Structures are given as structure tokens and as C-alpha cells.
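Undergrad: attaching a predicted model along with its sequence, questions to come.
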Number of protein chains: 2
Amino acid sequence: LTVASVDVRDKTAEHSVQQDAVTHPIFKETDPRKIREIIRRGEWTKPTRGMAYGYTQANLAIVPKSEAYDFLVFCQRNPKPCPVLEVTEVGDPEPRLTAPGADIRTDLGKYRIFRNGKFAEEVTDLKEHWRDDFVAFLLGCSLTFEGALLANGVPIRQIEERRGPTIFKTNIPCKPAGKFRGPLVVSMRPMPPDKAIRAIQVTSRFPSTHGAPVHVGDPSLIGIEDINNPDWGVGVTVKPGEVPVFWACGVTPQAVALEAKVEIMITHSPGCMFIMDIRDEQLTVM
Amino acid sequence: LTVASVDVRDKTAEHSVQQDAVTHPIFKETDPRKIREIIRRGEWTKPTRGMAYGYTQANLAIVPKSEAYDFLVFCQRNPKPCPVLEVTEVGDPEPRLTAPGADIRTDLGKYRIFRNGKFAEEVTDLKEHWRDDFVAFLLGCSLTFEGALLANGVPIRQIEERRGPTIFKTNIPCKPAGKFRGPLVVSMRPMPPDKAIRAIQVTSRFPSTHGAPVHVGDPSLIGIEDINNPDWGVGVTVKPGEVPVFWACGVTPQAVALEAKVEIMITHSPGCMFIMDIRDEQLTVM
């Protein structure tokens, strides 16, 4: 793994189970705007899992305008790993469509800044770092469909075992665009076959947040050698009779952008997602 | 209506019922590649409705790279009228993902060239007009879901009455991007309420080709004053007890780009669509 990959490695805590006590008043808020205000005031800089149940949480990727066209074409060509929920106006830190009034520079708990594909620093706001040529991409996150899986009786081993994420690089190439190219990255969840069928149905409703799985069963068919040894995160128990189910993962676009060594890229820190005004159910196609 | 609008007016024959005899050998071909070869040789310059049943036919919009980012963001923000199926590489006339080996300059029967938002000329190939800064957008077309409607027993009055299309400007604004802004344009199909329910289900499976309707019932609620007097095409009979059902229409992005007076824009001529290697069913989410 290159340095860039290692930096990406722990950027996957969108999937991770929050170990922190959820006693902070922020967890009592049900309005995304109020949660963003608390974060904006600097009172919360930790993961957002469990907040504002039912509202969509998004991955953040900020790149300069000079990279934005190719990055957007890459997302268009690879909608399963890179489902675009909003592209902000150049230089404008307000996601006017999915969270009007929000400020992308302050409304996430923590950010990571990468220069030329290498991790540079972690910051709690972007007031000093924002540039008038920045474009923010808000991308769908699997937190959305995980709620739907649980609501449908599909167990998530990573939550049961309070560990994870379990994420692998595959031998499936993404469709390249400009300098952006690389393998599809997937997250794995093991489950009995009947639950896998239900999971395929449930996540098909959510094309904006990775959609249906990309693979089910034999990991070697997509280039995964050891199901217990993920490329990011940690393994979870695969019980006898269970099949691993693989979804396209939001790590893909960040990994690809970092490998492309863009001059500067800013992302959310692991698990510190952007909370939108739209609800998960609004992202379903039916 | 401005000149630009009038020029767009008859660009909607993607919906129209082909009156030509279908005795030409091209209608016997079932392979999109063979159909494109016939068109490439200049042997067919008319509409493509009814060809290669089951394969996806697409709207074409070519703009210079200087306009492509804003146009792509506009499409991302307005996925119902502007479902992007492929964005070609800058200057490359081959749609490598949806029709490898095809040539966008020759494989449509007829093209229309617009300069500064005004119709300039109609040509049968783009060999002399192609520029190395051109980007081709292939956009979903309602021909795809019309086949699925018929297969599900939903009648299409425009086909029954061998007329149409029936297309209206609404008072629903598209979400703007850069210079691209304007109202949503919709196509209308009247049907009994039970068929409307089935039509909603069926087209929900096709988010890449306009998806579910945007409105059903009272036309005045979306700014349509006279259901018998469409802005483009001609009206069809709405029988007693029927409801009009309105879908986002592929005329929207072309109309918006022309109103924005882009320096040059090239589209397919009415009904002369681009036939892809992918099948309609492959565009469904389930």
C-alpha cells in the first residue's frame, strides 16, 4: 500500500460503530439544522452516527475547480461507488440544494486535508483553508441503507460485533475519467442467503447511496483473497451457511482522487459526516 | 416564444409516431452495431423509432468543453429531465462505454447545429463540423419507458391516435447551474387512474430515462393552462374519467442550453436518435 492508501485506510469510519457515549445533548436533537449549528460552534468534533435519525448523512470531497470536471465525469461513470447528491457552486460553501443555510467550511466536525495525494493535516473548520476555486462534492453514504437494512430485519454483523468497517479493494476496475482511475472498493456484510435476497431488494431502492450489491458469494471472483483480512478496517465473523455480500463503497472516489495526486483535496474525517436536510427515504426511487 | 424556443419546438419527435413505412431492411436488423453501420454509410437519415427493439435510444447534445462542466452540473441537479447515460472524452467521438466502436459524428441519421442559441443548419454527418473541444452528452429518452408501458398494458394515446408528441412548459423551475436555467418541460400521456398507478410503478424502475412522473391530474397546478394546446407537438384526446400524467421530458436540457445561447450546440434531429449497445432493461434499478 502506498502512503496515499494508508492515509485513506482509516477514512472509512462512516461505517464504524460509534463507541463514544451518546449522552451529549447533540444526540437529542432531531433537526439537522440544530445539529449543524452545534457543530458549527465547535461543540462537537466527533462522528455523527446515530444523529438525526432518518436524515441523510453524506461523504464530503472538496477539489479545486480545475479537477472538478474530470471528478464529476468519473462519478457519472461510476454511480454505484460515487453517487453524487450535490455539487456546490464554485467557491460557494453553501450546499444550497440539500442543506440551504449550511456552511460546508464549519458544519462538519473534523476535516482532513490532502496535498498531492498525501495527508497534510486534520482541522476542525475550513475558515482559513477555503479557496474561491473550491467545489464541494457531497456523496451518498452507506449509513443511509444500513438503517433500511436493520428496519427490514437484515442483521449487520459489524454492528452486532461492534467492529468494522470491513472494506476490500477488488479486481473490478472503475471506468476512468481523466487522471481519475483505479479499482472499485467494496464493503462486505455477511448474512444468511435469505437475508441477502432481502438486502438486495432493500438496497435496490437506494441508487443514490450505492444501491444494490455488486457481488454476492465467492470473494475470489472479485479478487479478494482472504475474507478475514480486509484492506481497510477489520474483519467480522462469517458464520457457517452465511454468504458475504459486497456493496460499492464511498471510499472509492476518495481513494481514486488521492491516487491521482490532486494538488489539494479536503474530505470529512472518518465518521464526521455532513448531515443534510433531506431524509433517507427521499433518496429512494420507490 | 423566442426564436430559440421555436427551433426547439419540433425537436421532440423522439416521441412522435413514425409514419414512414418500415419496409426498409434496416428495420429487420436486431443488432445496434449493424444499424449504426447502415446509418454511417448514409443509407438511412430518418427517425429510428421501431429499430432494434429493446436497445436503448438516446438523445444527443454536443457542447464545447468550455460549457461542459456547467451543463453536466445542470444534469446532475436535474436528473429527471436530464438523465446522463454517457459523457464522452473531450474531442473523442466514440461513446466508449455505451457503444464501443460507434462514431458520434456519423452514426445518427441527421443532426441540427445551433449557434448562439439559434438554428443554423441540418446535416447528415459531423465529419466537417467536429472539433477537438467537443463533448457529447447522451441522455435518456422516453422511448425506453414507453416500451415498458405498452408491455404492462398501459395504453399510449399518442400511439393509438398516431400523433403527438404532447409537450408542455411548466411553472416548475429547474435547479440552475451556471448560465443554464429554465422551466421543466414535460410530456403528457392521458390514461385511466388504474393505468396511471401502474405507469407510476413501471417508470419508477427507469430512473435513467426520466423515471416516475412528476405530476398527475390537474394541469393548472404546474402552470399548464390548456391541456389541448401543448407548447410543442399536438394535443391528443383526453377521455372522460382519464387523468393526464406528466413526465419530465428530454426537451428540457436542449431548451435550456439553447436559451443560454451557448456558442455552438449540436443535437440529433427530431426522432433520429443514437442507438446504444445497452438494452432498456439494463437501465432499470430493479
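TA: Right, received. Where do you want to start? Residues are numbered from 1 along each chain as shown, chains lettered A, B, ... in the order given.

Undergrad: burial count for residue A:243?
TA: Using other C-beta atoms under 10 Å in any protein chain shown, the number of residues around residue A:243 comes to 17. (Each C-beta comes from the backbone N, C-alpha and C, glycine too.)

Undergrad: do I have it right that it meets residue A:217?
TA: Yes. Contact criterion C-beta atoms under 8 Å: residue A:243 and residue A:217 qualify, at 5.2 Å.

Undergrad: the stretch 151-286 of chain A: strands as residue ranges?
TA: Remark: strands assigned in the stretch 151-286 of chain A by DSSP state E, counting those that start in this stretch are A:166-173, A:183-191, A:215-216, A:232-233, A:243-248, A:264-268, A:274-279.

Undergrad: is it possible to get TSV of those that adds mean pLDDT and distance to chain B?
TA: Compiled in TSV, the strands of the stretch 151-286 of chain A are given as follows (pLDDT from 0 to 100; distance: least, C-beta to the nearest C-beta, whole Å):
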stretch	mean pLDDT	distance to chain B
strand A:166-173	95	12
strand A:183-191	96	15
strand A:215-216	98	15
strand A:232-233	88	27
strand A:243-248	98	14
strand A:264-268	95	18
strand A:274-279	96	13
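
Undergrad: C-alpha coordinates for the helix or strand hosting residue A:36, CSV please?
TA: Assessed by DSSP states H and E, residue A:36 sits inside helix A:32-40. The C-alpha coordinates for helix A:32-40 follow below in CSV (Å, rounded to 0.1, in the frame of the first residue of the first chain):
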residue,chain,number,x,y,z
PRO,A,32,-30.3,18.6,11.1
ARG,A,33,-30.0,22.4,11.2
LYS,A,34,-29.7,22.5,15.0
ILE,A,35,-27.1,19.7,14.9
ARG,A,36,-25.1,21.6,12.3
GLU,A,37,-25.3,24.7,14.5
ILE,A,38,-23.8,22.9,17.4
ILE,A,39,-21.0,21.5,15.2
ARG,A,40,-20.5,25.0,13.7
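
Undergrad: quick one: buried residues of that helix?
TA: If you call a residue buried by 16 or more other C-beta atoms under 10 Å in any protein chain shown, then helix A:32-40 has these buried ones: A:32, A:35-40.

Undergrad: also stretch A:118-135?
TA: Neighbour-count burial for stretch A:118-135 [16+ other C-beta under 10 Å]: A:119, A:123-126, A:130, A:134-135.

Undergrad: which residue ranges of the stretch 151-286 of chain A form helices?
TA: A:157-160, A:193-204, A:251-259 (DSSP state H, counting those that start in this stretch).

Undergrad: ok, the closest residue to chain B within the stretch 101-250 of chain A - contacts?
TA: Of all residues in the stretch 101-250 of chain A, residue A:204 sits closest to chain B, at 4.3 Å by C-beta to the nearest C-beta. Contacts for residue A:204 (C-beta atoms under 8 Å, 6 or more residues apart in numbering or on different chains) come out as A:211-212, B:285-286.

Undergrad: now do it against residue B:284, distance only.
TA: 9 Å (C-beta to C-beta, to the nearest Å).

Undergrad: and what of residue A:112?
TA: Residue A:112 is 37 Å from residue B:284, by C-beta to C-beta.

Undergrad: show me which of these two is the more surrounded one.
TA: The neighbour comparison of residue A:112 against residue B:284 (other C-beta under 10 Å) goes to residue A:112, with 22 against 19.

Undergrad: secondary structure element for the more buried one, which one?
TA: strand A:111-115.

Undergrad: show me what the helix or strand following that strand is packed against.
TA: Downstream of strand A:111-115, the next assigned helix or strand under DSSP H and E is strand A:118-123. When contacts are defined as 3 or more C-beta pairs under 8 Å, 6 or more residues apart in numbering or on different chains; DSSP states H and E, strand A:118-123 packs onto helix A:3-9, strand A:111-115.

Undergrad: go again with 10 Å.
TA: helix A:3-9, strand A:111-115, strand A:264-268 (3 or more C-beta pairs under 10 Å, 6 or more residues apart in numbering or on different chains; DSSP states H and E).

Undergrad: what are the phi and psi values for the residue of the stretch 51-200 of chain A found nearest chain B?
TA: At 4.4 Å from chain B, residue A:69 is the closest residue in the stretch 51-200 of chain A, using C-beta to the nearest C-beta. Per-residue torsions, residue A:69: phi -60, psi -50 (degrees, to the nearest 10).

Undergrad: quick check, it in contact with residue A:178.
TA: Yes. The criterion here is C-beta atoms under 10 Å, and residue A:69 meets it with residue A:178 at 7.8 Å.

Undergrad: what is in contact with the two at once?
TA: Common neighbours of residue A:69 and residue A:178, using C-beta atoms under 10 Å, 6 or more residues apart in numbering or on different chains, are residue B:90.

Undergrad: these two: who's more crowded?
TA: A direct count of neighbours by other C-beta under 10 Å for residue A:69 and residue A:178 places residue A:69 higher, at 21 against 14.

Undergrad: pull the contacting residues for that one.
TA: Residue A:69 touches A:135, A:177-178, B:65, B:68-70, B:72-73, B:87, B:90, B:135, counting by C-beta under 10 Å, 6+ apart.

Undergrad: any common contacting residues for residue A:204 and residue B:284?
TA: The contact lists of residue A:204 and residue B:284 share A:285, B:205, where a contact means C-beta under 10 Å, 6+ apart.

Undergrad: quick check: the residue of the stretch 51-200 of chain A closest to chain B vs residue A:63, distance?
TA: If you go by C-beta to C-beta, the gap between residue A:69 and residue A:63 works out to 10 Å.

Undergrad: common neighbours of these two, please.
TA: The contact lists of residue A:69 and residue A:63 share residue A:135, where a contact means C-beta under 10 Å, 6+ apart.

Undergrad: get me the contact residues on the stretch 101-250 of chain A for chain B.
TA: A:135, A:137, A:175-178, A:200-201, A:203-208, A:211-212 (C-beta under 10 Å from any C-beta of the partner chain).
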